[in-house]
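> What follows is a predicted protein model with its sequence.
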Amino acid sequence: MSLAIQTPPVELETLVRDRAVGYSLAAPFYASQEIFDLDLEVIFGRHWLFSAVTAEIPDAGDYLTIDIGPYAVIIVRDDDEEIRAFHNVCRHRGSRLLKDACGSVGNIVCPYHQWTYRPDGDLIFAESQPDTFDKSRFGLNPVNVKVVAGLIFVCFSDNPPDDFDEVAEFLEPYLAPYDLTNAKVAHQTDLVEEGNWKLVMENNRECQHCDGAHPELVSAYFPLFGYSEDDITPRLRPVFERYQAARADLDRVCLLRGFPQEERRELDTRATGFQLSHLALDGAGISFSEGGAQLCKKLLGTMTEPRFGDLSLHLQPNSWFHFLSDHAVVFRVLPISPEKSIVRSTWLVHPDAVEGVDYDVESLTAVWEATNREDRELVADTQNGVMNPGYIPGPYSLVEDDVEAFANWYITRLQHHVAAFR
Amino acid sequence: MSLAIQTPPVELETLVRDRAVGYSLAAPFYASQEIFDLDLEVIFGRHWLFSAVTAEIPDAGDYLTIDIGPYAVIIVRDDDEEIRAFHNVCRHRGSRLLKDACGSVGNIVCPYHQWTYRPDGDLIFAESQPDTFDKSRFGLNPVNVKVVAGLIFVCFSDNPPDDFDEVAEFLEPYLAPYDLTNAKVAHQTDLVEEGNWKLVMENNRECQHCDGAHPELVSAYFPLFGYSEDDITPRLRPVFERYQAARADLDRVCLLRGFPQEERRELDTRATGFQLSHLALDGAGISFSEGGAQLCKKLLGTMTEPRFGDLSLHLQPNSWFHFLSDHAVVFRVLPISPEKSIVRSTWLVHPDAVEGVDYDVESLTAVWEATNREDRELVADTQNGVMNPGYIPGPYSLVEDDVEAFANWYITRLQHHVAAFR
Amino acid sequence: MSLAIQTPPVELETLVRDRAVGYSLAAPFYASQEIFDLDLEVIFGRHWLFSAVTAEIPDAGDYLTIDIGPYAVIIVRDDDEEIRAFHNVCRHRGSRLLKDACGSVGNIVCPYHQWTYRPDGDLIFAESQPDTFDKSRFGLNPVNVKVVAGLIFVCFSDNPPDDFDEVAEFLEPYLAPYDLTNAKVAHQTDLVEEGNWKLVMENNRECQHCDGAHPELVSAYFPLFGYSEDDITPRLRPVFERYQAARADLDRVCLLRGFPQEERRELDTRATGFQLSHLALDGAGISFSEGGAQLCKKLLGTMTEPRFGDLSLHLQPNSWFHFLSDHAVVFRVLPISPEKSIVRSTWLVHPDAVEGVDYDVESLTAVWEATNREDRELVADTQNGVMNPGYIPGPYSLVEDDVEAFANWYITRLQHHVAAFR
Ligand code: FES
Ligand code: FES
Ligand code: FES
Ligand SMILES: [Fe+3]
Ligand SMILES: [Fe+3]
Ligand SMILES: [Fe+3]
């Protein structure tokens, strides 16, 4: 039975219009089923989503499956070594096709009635159909896919944002030296978070909480987030000088190797919002470890200089990346429900690096495993808080400008959607 | 807080009207809460539902309880040996009355304040009511019930489909020789399926998946589903000849015993859709076992010929039955949520058959226990697939005509409902 | 995807208007998500709710947290010993502030970015905000709080019912001698009930089920509920005489001690509905135990007479209390979902009573622990029953007048709400 309660419903248009700039979002954005469904449609359904790395499927016939909200996708390397993406659902009566997280196939055979598809999506077998049946009309339902320097992006919309290639073109020279296309997956984890995907993203987009929450992570970074030279107290002066030296070193190496030095921040000014920055690291300055020491003996790609800082990439709506000389670690947030998400983290090393010899998985992943766990608790606390009717959106601080940029980007996307219905 | 999203809602009328004949149903039919609620109202709320066998409650005072979606029903044999059905809820303040799956009662006493009802539903005790209280107005809330050859059907509507008696009259001569009224329940199982009840039904309505999925079941049947004589390859020729011989034998025995031979298929042409067929079995041709061997030494009812094939009955919306010479096995699908159902299976044998002597429960149930488990996985895969936004309804094959008939019957029922609101 | 089913939705106004006086409520009141949300808004969001006792937070800085539906509240004793209540959510980006059920703090520090609040709610630290940031605008979001004789009440509305002080004034002289303000919490339990909060309340509001369900509890009370002198059969005569003697004793002691003797029943005639009665107990007549024996050697507050009966207080919407000479036990129902609630029970004794010496926790709590468990099963059965489409509201008996009063109070509150929208 459906029930009409007289209270007039809140209009999405009103919610979007009333969003206070500089303040966290209103509760329904984090908790309502309706907005979650809208996020799946408007955000996850219409943007390019970082999904996997080509290193996960190195050979023809290799595939992986990924569930992004209700979307289930097969990403497969076809017989011509091309990366393809398809909805993981049979064109006959809709069975899920591939159930394992990854594997290798000759053809893709449906477990229900054995309809059989080639890795390029063509239907090649369907039993007991009438003579008039036209196989060419029942190939796998494709998903748009693009590969940028070994990073695989999918888009579910028929009209993907047209600025993606521009962003990809900007990024490629930065990513090329790491040669992720030929990297090796050293480790991958899925962490279930008890929070809305946007709270996971907002948590990622600021480090004001790092000092209190992430003892492991902050040891690699200079503790100067959001400080200008004027803020440097006598006590911070030695740190600041150490930072200036490391920064100068990094700039020099980049110049020497011809590595591009422009940083760019277009987080909320385009559909494919992104930010690229190249940060010097503290201590040994090489990797995410106690004291910044190197974690994998073999450097990635064509890297020759271990002390190469953290090339940090943020992409809207749901991913972030750290590229270091000796490894890369890449993240994407997968929405499950208004109050649940998964963070998938993947660590990449040189293809010839040997586990137990060149690197140790536990050491390689320790800092971000700990950081993820710590963030998990903060996100759960915040989900709990924003569902309290006593929650009032609060003001972002000066060092939360990327959170604000994320929120602006998000609200702008909804505004476009709302405008289309007006 | 309720939230108005501008996207115009999909109308049921549109969904029903746009259903493509010959194709699987659109996703909302398998996944939406609204349609599930509608199914409970329009399908389960207004049709005759096979629920139990009289053999489950052989004596006066015996009862069983069954939950069909939100409906909870008591089926009880009253003091005059008549089968009655009531909503399992007290007329005082609504407590569930009987909590066990089955048992035996003198009267039905509410556990809350001890209102007491006779097995025929009359209220005979209610404490501390005023003198004006009229007990006759507060008897148990009855559910329509009909018994056909030992099979118990209930209907929750005040206007049950009026074609049921016609169908019952057709079926009775076929079922009489099995004498289920005096049979014994040898075993009963409830299997939870992670799928919409309609996916469970569609799975049951075709055997195109049997070759790949049901090695145990197919050994009993001739592997010729959907084949006409023209399709018989030289390799299949010996099988076909074996089939023709078994078929002729079965026809001869039926003729000899005066067993009706007309098959009938009215799956989507009436409210009480059904199909009755009588199939010859392969091998020993007697029962559902490796090689078709007999599973219970005592034959059912007045059966004298073990090799009597499979009298197979399909009923809309949610049941199917196999009657063999030595046992019967009957099934009903009980909806739980859009994505969850229960399949209840009951095996029946001759009342004098002794477990461990005449039959062994594990052997008796092995084929269908395995088949149910295998179908469970296919149904779960399909539920997963149809919830993927990449799902597109696909074409039924030539041998899926009964799936199509089920879908047609279902859509027709919804059309009647929609028409009543236009 | 949202789906428009043609069936016109039931209007709340219709449901409220059609409620049959003297009958249990219609099913949606116990089972629908919409009505549950409305209950949180109209009932729990706008009335004074008994939440805790001051004895739980005896010293400055002591706090407890309580979740009432979606509301999460901090109740804290500030540095001036005043009891304060706040929404348990940070004014920055909404993290839950305090996670433990109780504890002690100097200041309240947010776990996310360390915004810091004094126990009186003032924000005293917020990092990296611009110079224009005005701390005084971002103190903790307060919740209305009142303390009556050691009982803490909160109200989430900006316009709390204005009759509360009148009720408090009436109650205080009754409660004063028990001196709960200086009592000690001997035990507290949370019991999850599989039923709507209103079914838990209705169960509490009548004892017609006690004879059948609560063997432990009924031994303390005279088995004469709802009997007038005319109903006394010869068999009951000795009990009745015992009762009359106990009643006379209690009246005499009250008179002697100057304890007020007026009983009052205003359950459905005001916003802050309540009932106060003073019942003589059977047997030893002192406490809730087998035979009515004393359970704690030290009497509460200024009590001198152990045989002082049960001062019983019922408050709408969600609490009830028993004050005995040697202990008090207080209850509140916390809604979780349409079909789930928590009953929190707290036992209080004299602050100097020593566990293991003056009282034994197991004996002290045995009767109500058992009673709660028994009620839990009845409530679950009733939740199950009222969700059956076969449920029809039934007539309350003569001894269910307080259930009727609860239902009337509840429906009246909804009527006021509906009227405000007309
Ligand atoms: S559903 Fe895939 S072959 Fe039938
Ligand atoms: S609910 Fe059945 S007797 Fe009260
Ligand atoms: S959310 Fe509390 S300090 Fe940021
Ligand atoms: Fe973090
Ligand atoms: Fe099957
Ligand atoms: Fe009780």
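Yep, that arrived. Ligands and ions are numbered 1, 2, ... in the order given.
> check whether stretch A:191-198 contacts chain C.
No. Shown here: stretch A:191-198 not in contact with chain C (Cβ under 8 Å from any Cβ of the partner chain), separated by at least 10.7 Å. (C-beta placed from N, C-alpha, C; glycine too.)
> Just the CA trace of that stretch, in PDB.
Backbone C-alpha positions of stretch A:191-198 (Å, rounded to 0.1, in the frame of the first residue of the first chain) are rendered in PDB as follows:
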ATOM      1  CA  LEU A 191      37.400  -2.100   1.700                       C
ATOM      2  CA  VAL A 192      33.700  -1.700   2.500                       C
ATOM      3  CA  GLU A 193      33.000   1.700   4.000                       C
ATOM      4  CA  GLU A 194      29.800   2.500   6.000                       C
ATOM      5  CA  GLY A 195      29.300   5.800   4.300                       C
ATOM      6  CA  ASN A 196      28.000   7.500   1.200                       C
ATOM      7  CA  TRP A 197      30.400   7.600  -1.700                       C
ATOM      8  CA  LYS A 198      30.600  11.400  -1.500                       C
END
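> need the contact list for A:A370.
Contact analysis of A:A370 by Cβ atoms under 8 Å, 6 or more residues apart in numbering or on different chains lists A:214, A:216-217.
> Output those residues as TSV; include the columns secondary structure and neighbour count.
As requested, these are exported to TSV (DSSP: H, G, I helix; E, B strand; the rest coil; neighbours: other Cβ atoms under 10 Å in any protein chain shown):
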residue	secondary structure	neighbour count
A:H214	coil	22
A:E216	helix	17
A:L217	helix	18
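> so where do the strands sit in the stretch 201-350 of chain A?
For the stretch 201-350 of chain A, the strands defined by DSSP state E, counting those that start in this stretch cover A:264-266, A:274-279, A:310-315, A:319-323, A:328-337, A:340-349.
> again, but for the stretch 1-150 of chain A
For the stretch 1-150 of chain A, the strands defined by DSSP E, counting those that start in this stretch cover A:3-4, A:10-11, A:49-53, A:62-68, A:71-77, A:83-87, A:102-104, A:108-109, A:116-117, A:123-125, A:144-148.
> returning to that earlier point: now, among the contacts of A:A370, which is nearest to chain C?
A:H214 (12.1 Å; Cβ to the nearest Cβ).
> shouldn't the closest one be in contact with A:T371?
Yes. Taking contacts as Cβ atoms under 8 Å, A:H214 lies within contact range of A:T371: 5.2 Å.
> ok, now which ones touch the closest residue to chain B within the stretch 151-300 of chain A?
Residue nearest to chain B within the stretch 151-300 of chain A (Cβ to the nearest Cβ): A:F156, separated by 7.1 Å. Each residue near A:F156 by Cβ under 8 Å, 6+ apart is listed here: A:44-46, A:71, A:143-144, B:389-390.
> closest to ligand 3 out of the strands of the stretch 1-150 of chain A?
strand A:10-11 (24.0 Å; Cβ to the nearest ligand atom).
> Return the list of strands paired to that closest one, each annotated with direction.
Strand A:10-11 has its sheet partners listed here by DSSP bridges as strand B:3-4 (parallel).
> could you flag which of the contacts of A:F156 are buried?
A:44-46, A:71, A:143, B:389-390 (16 or more other Cβ atoms under 10 Å in any protein chain shown).
> if we can go back for a sec, got a markdown table for the strands of the stretch 1-150 of chain A, with mean pLDDT too?
As requested, these are exported to a markdown table (pLDDT from 0 to 100):
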| stretch | mean pLDDT |
| --- | --- |
| strand A:3-4 | 60 |
| strand A:10-11 | 76 |
| strand A:49-53 | 98 |
| strand A:62-68 | 98 |
| strand A:71-77 | 98 |
| strand A:83-87 | 98 |
| strand A:102-104 | 98 |
| strand A:108-109 | 98 |
| strand A:116-117 | 98 |
| strand A:123-125 | 98 |
| strand A:144-148 | 98 |
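> beta partners for the residue nearest the centre of chain A?
In chain A, the residue lying closest to the centroid (Cα atoms, centre = their mean) is A:S319, at 1.8 Å. A:S319 forms beta bridges with A:L315, A:R332, as assigned by DSSP bridges.
> isn't it right up against A:L334?
No. Using Cβ under 8 Å, A:S319 makes no contact with A:L334, being 10.3 Å away.
> domain assignment for chain A?
Following the assignment in the TED database, chain A carries domains at A:55-147, A:162-406.
> Go through the longest helix along chain A and flag the buried ones.
Counting residues, the longest helix in chain A under DSSP state H turns out to be helix A:361-386. Of the residues in helix A:361-386, A:364-369, A:371-372, A:374-386 count as buried by neighbour count, 16+ other Cβ under 10 Å.
> Same question for stretch A:57-77.
Result for stretch A:57-77 [16+ other Cβ under 10 Å]: buried residues A:57, A:61-77.
> Of the domains of chain A, which is nearest ligand 2?
For the domains of chain A, the distance to ligand 2 is smallest for domain A:162-406, at 34.4 Å, taking Cβ to the nearest ligand atom.
> That closest one: end-to-end distance?
End-to-end distance for domain A:162-406, by Cα to Cα, to the nearest Å: 20 Å.
> Do it and ligand 3 come into contact?
No. For domain A:162-406, no contact with ligand 3 is found by Cβ under 6 Å from any ligand atom; the gap never falls below 6.6 Å.
> What's the mean pLDDT across that domain?
For domain A:162-406, mean pLDDT is 96.
> and that domain, how far from the chain's centre?
Domain A:162-406 sits 11 Å away from the centroid of its parent chain (Cα atoms, centre = their mean, to the nearest Å).
> In this structure A:E81 contacts A:P58, no?
No. Using Cβ under 8 Å, A:E81 is not in contact with A:P58, being 9.8 Å away.
> In this structure A:T346 contacts A:Q188, no?
Yes. With contact defined as Cβ under 8 Å, A:T346 reaches A:Q188; the gap is 4.7 Å.
> Residues in contact with both of the two, list them for me.
In terms of Cβ under 8 Å, 6+ apart, A:T346 and A:Q188 are both contacted by the residues A:E56.
> Reformat the domains of chain A as CSV; add distance to B:F164.
Formatted as CSV, the domains of chain A follow (distance: least, Cβ to Cβ, whole Å):
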stretch, distance to B:F164
domain A:55-147, 30
domain A:162-406, 43
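> neighbours around A:I232, how many?
15 (other Cβ atoms under 10 Å in any protein chain shown).
> residues in contact with it?
Applying Cβ under 8 Å, 6+ apart to A:I232 gives the contacts A:F240.
> if I look at it, how far off is A:F222?
Computed as Cβ to Cβ, to the nearest Å, the A:I232 to A:F222 distance reads 12 Å.
> Now the residue in the stretch 51-200 of chain A positioned nearest to chain B: closest residue in space that isn't a chain neighbour?
Closest approach between the stretch 51-200 of chain A and chain B, counting by Cβ to the nearest Cβ: A:H87, at 2.4 Å. Among residues not flanking A:H87 along the chain, B:G390 sits closest, at 2.4 Å (Cβ to Cβ, 6 or more residues apart in numbering or on different chains).
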